[in-house]
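Asker: coordinates only, sequence not included:
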Ligand SMILES: [Zn+2]
Ligand SMILES: [Zn+2]
């Protein structure tokens, strides 16, 4: 069999690149048990990941939609609430059923995509549009906020030549998010985390762990261990980004976190997440 063709098929099927990374990794593991060399497979898988997905899928001529008597609504596509379109249409119909003019109209919803990894690798968002975008995530700037000073308000993380787009509608109190902690002293070191609570609460826990670090104690977290290494100063070196929010389903949040870990590793960054935890949760090969 031809591994390239198999990776290609997965790439065609997966709308999101993080789904591709997951499935391609499973395929790699299966092929390794059949005697294929892991290094060669990983190279092939990466090559397919970088292909333009639009060109892999033949363009079909779409039927023209008749927009007469339609009111258009453009909104952010939300994976967590796929039924929203039908619900909104029903509400619209219900509200205006007695209206002399609007009762003859239909609501048409257009999905708006936002900057994310899928957009970057599949729709080829130009990196310049990320660096010149003046809309940035907001710090809460509350007087007693302990994490504002550590929150990097940026619309991307620069990973060598790869610009990882960040969600823009976030702040210290965002919930259901995936975040990345980075060390100013060791720019190549990242910790990827996810939380359903407010990011500020989770980050404050990390900060407390670092402050309460006890040498040679087995209960220290990986983050506490790193920021207690020689020459590290918490207030100067600890910083974090919020990568994605509104991931309300735990499984999707964890998949996203996991994809990020692999993306960072592929780009030769050091991820300090506990390898045992990742391995047990996802049951596949992780090299850290
Ligand atoms: Zn804040
Ligand atoms: Zn460091």
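Answerer: The structure has been received and is ready for your questions. The model shown is predicted, which means the values in this text are computed figures rather than measured ones. Numbering: from 1, shown residues only. Ligands and ions are numbered 1, 2, ... in the order given.
Asker: alongside ligand 1, which residues does the stretch 101-250 of the chain contribute?
Answerer: By the rule CB under 5 Å from the ion, the part of the stretch 101-250 of the chain lying against ligand 1 is 140, 145, 148, 172. From N, CA and C alone the C-beta is placed, and that goes for glycine too.
Asker: mind listing what the most far-flung residue of the chain relative to its centre touches?
Answerer: Distance from the C-alpha centroid of the chain peaks at residue 100, with 45.4 Å (CA atoms, centre = their mean). Neighbour list for residue 100: empty [criterion: CB atoms under 8 Å, 6 or more residues apart in numbering].
Asker: same deal with the one 5 residues further on?
Answerer: With contacts taken as CB under 8 Å, 6+ apart, residue 105 has the following neighbours: 69, 70, 71, 96.
Asker: most neighbours, which of the residues you listed?
Answerer: Most neighbours among the contacts of residue 105, by other CB atoms under 10 Å: residue 96, with 16 neighbours.
Asker: my guess is that one meets residue 102, correct?
Answerer: Yes - judged on CB atoms under 8 Å, residue 96 makes contact with residue 102 at a distance of 3.8 Å.
Asker: just to revisit the earlier point, is it possible to get TSV of the contacts of residue 105 that adds distance to ligand 2?
Answerer: Below are the contacts of residue 105 laid out as TSV (distance: CB to the ion, whole Å):
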residue	distance to ligand 2
69	60
70	55
71	53
96	58
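Asker: okay, and which of those map to strands?
Answerer: Judged by DSSP state E, the contacts of residue 105 include 70, 71 as members of strands.
Asker: show me where the stretch 101-250 of the chain has its helices.
Answerer: 117-122, 127-131, 199-211, 222-226, 234-237, 250-266 (DSSP state H, counting those that start in this stretch).
Asker: ok, then the element right after the last one?
Answerer: Helices and strands here follow DSSP states H and E; after helix 250-266, the next one along the chain is strand 270-271.
Asker: and that following strand, what does it pack against?
Answerer: If contacts are counted by 3 or more CB pairs under 8 Å, 6 or more residues apart in numbering; DSSP states H and E, strand 270-271 sits against strand 189-195, helix 250-266.
Asker: again, only using 6 Å
Answerer: Identification of packing neighbours for strand 270-271 by 3 or more CB pairs under 6 Å, 6 or more residues apart in numbering; DSSP states H and E yields helix 250-266.
Asker: between the helix it packs on and strand 189-195, how big is the angle?
Answerer: Interaxial angle, helix 250-266 versus strand 189-195 (axes from the mean of the first three to the mean of the last three CA atoms, to 10 degrees): 170 degrees.
Asker: now helix 250-266: average pLDDT?
Answerer: In this model, helix 250-266 carries a mean pLDDT of 88.
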